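[1] Below is the sequence, then the predicted model.
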Amino acid sequence: MPIPRLSEEQRQQARDAATQARRRRAEVKQSLRSGELSIAAVLELADSDEIVAHTKVIDVLKSQPRVGEVRATKVMERLKIAPNRRLRGLGRHQVDGLIAEFGG
């Protein structure tokens, strides 16, 4: 099936939507970094916010203070979370494990 051709206006709308999504994800990660939001709050937000729901788990974990690539990867392996998993795709036990690990 060929990719449909988009008008310039449709392409601009898609670019604007992508930019808005990146900004929203950056805001959430910055709020985690500063302590305004907890992991539990972000996971709850993902239930109602499509943009947050499509954020990668590894990016959210690394946005926390004192959590880098190594610790985030180890936690994800221990909780059996795939490296490419997004917040919306987490199971109940994985959510509970993240909250237990990083606090609510």
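    Nice, I can see it.

[2] Show me what counts as buried in the biggest helix by length in the chain.
    The residue-count maximum for a helix in the chain (DSSP state H) belongs to helix 8-34. For helix 8-34, the neighbour count (16 or more other Cβ atoms under 10 Å) marks 24-25, 28-29, 31-32 as buried. For glycine as for every other residue, the C-beta is placed from the backbone atoms N, C-alpha and C.

[3] Next, count neighbours for Val57.
    Val57 sits with 24 neighbouring residues when counted by other Cβ atoms under 10 Å.

[4] For this protein, which segments count as helices?
    8-34, 39-48, 50-53, 57-62, 69-78, 92-102.

[5] Look at the residue nearest the centre of the chain and report its pLDDT.
    Central residue of the chain (Cα atoms, centre = their mean): Thr55, 2.4 Å from the mean position. We have a pLDDT of 96 for Thr55.

[6] Contacts only, for it.
    25, 28-29, 46, 86-87 (Cβ atoms under 8 Å, 6 or more residues apart in numbering).

[7] what does Arg22 give?
    Taking Cβ under 8 Å, 6+ apart as the definition, Arg22 has no contacts.

[8] Disregarding flanking residues, what is the spatial nearest neighbour of Ile39?
    In space, Ile39 comes closest to Phe102 once its chain neighbours are excluded; the distance is 4.4 Å by Cβ to Cβ, 6 or more residues apart in numbering.

[9] re the thing from before, the buried residues of helix 8-34: which two are farthest apart?
    Using Cβ to Cβ, the two most remote members of these are Arg24 and Leu32, lying 13.1 Å apart.

[10] In a markdown table, list the helices of the chain along with distance to Met1.
    Shown next, in a markdown table, are the helices of the chain (distance: least, Cβ to Cβ, whole Å):
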| stretch | distance to Met1 |
| --- | --- |
| helix 8-34 | 18 |
| helix 39-48 | 31 |
| helix 50-53 | 25 |
| helix 57-62 | 31 |
| helix 69-78 | 35 |
| helix 92-102 | 34 |
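
[11] List just the one of those that sits closest to Pro2.
    helix 8-34 (15.9 Å).

[12] Show the low-confidence segments of the chain, by residue range.
    104 (pLDDT under 70).

[13] same thing but at 90, please
    Scanning the chain for pLDDT under 90 picks out the ranges 1-6, 8, 65-66, 102-104.
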